[in-house]
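[1] The following block contains a protein sequence and its predicted model.
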Amino acid sequence: MNADAMKKQAAEAALGYVEGGVIGVGTGSTVNHFIDALATIRGRIEGAVSSSEASTARLKQHGIPVLDLNGVGELSLYVDGADESNDRLQLIKGGGGALTREKIVAAASRQFVCIADESKLVEVLGRFPLPVEVIPMARSYVARELVQLGGTPVWRDGFVTDNGNLILDVQHLEITDPRQLEQQINMIAGVVTVGLFAHRPADVLILGTPHGVRTLGR
């Protein structure tokens, strides 16, 4: 079974957590499978809050109403993917550049279900470069500060987030204390947010594997 089939397997399993109302929907290739599956039960929900313009477009293509988070309040469920997860369900996210909106929707949701293929589960976070969204004028300053934290920041040249900001992808990190590093990076002036989801980790991790779905709880 290839990685895409495992992603689809995990995405379809997440439908079991959809109970109605308005749900949060993330961004990325695994979430695209979830949106396609969600379309088969779209009558069960009132609509979705989307974390990116790309997901918004896909939801609308399927006839699923996309709502403004400011108008709906707390969400019962948020479904999103991850670039990496440890066994405490602390995540690295933001490979697609939507980390800030993803973090907002996750914070506004009672339950966060993460969907991924089994390769995303790691012992120590950091092999995947850690995305940091920055205000454009602060790019060089933030990069110097990230070097002081032991990383090698690389500007994602030619990419602008849906919020009009830039991304620094921080390589060569071994993140043994994700909560502390998330707080340290968020304290740097000019950082919008960092793609560490440690203070608000996932509640459930659904992994697609060649042997079926594997579900981990926190």
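    Received it, and whenever you're ready, just let me know what you need.
[2] For stretch 201-213, buried residues please.
    201-208, 213 (16 or more other Cβ atoms under 10 Å). Heads up, the C-betas are built off the backbone N, CA and C, glycines and all.
[3] Can you give the contact residues for it?
    1, 5-11, 13-14, 17, 82, 85, 88-91, 111-118, 120-121, 214-218 (Cβ atoms under 8 Å, 6 or more residues apart in numbering).
[4] follow-up on the earlier one: restricted to strands, list the buried residues of stretch 201-213.
    204-208, 213 (DSSP state E).
[5] May I ask which two of those residues are separated the most?
    Spatial extent of these (Cβ to Cβ) is set by the pair Val204 and Gly208 at 13.8 Å.
[6] Got the confidence number for the residue nearest to Ala138 when sequence neighbours are not counted?
    Spatially, and ignoring its direct neighbours in sequence, Ala138 is nearest to Gly190 (2.4 Å; Cβ to Cβ, 6 or more residues apart in numbering). pLDDT recorded at Gly190 is 98.
[7] hang on, Gly190 packs against Ile135?
    Yes - between Gly190 and Ile135 there is a contact under Cβ atoms under 8 Å: 4.8 Å.
[8] that older thread, in strands, which of the contacts of stretch 201-213 appear?
    If you go by DSSP E, those have 85, 91, 111-117, 214-217 in strands.
[9] ok, so of those, who is nearest Leu181?
    Distances from Leu181 to the ones in strands among the contacts of stretch 201-213, taken by Cβ to Cβ, are shortest for Leu91, at 12.8 Å.
[10] wouldn't that closest one be in contact with Glu84 here?
    Yes - applying Cβ under 8 Å, one finds Leu91 in contact with Glu84, separated by 6.6 Å.
[11] if you count what's nearby, which of those two comes out ahead?
    Leu91 (29 against 23; other Cβ atoms under 10 Å).
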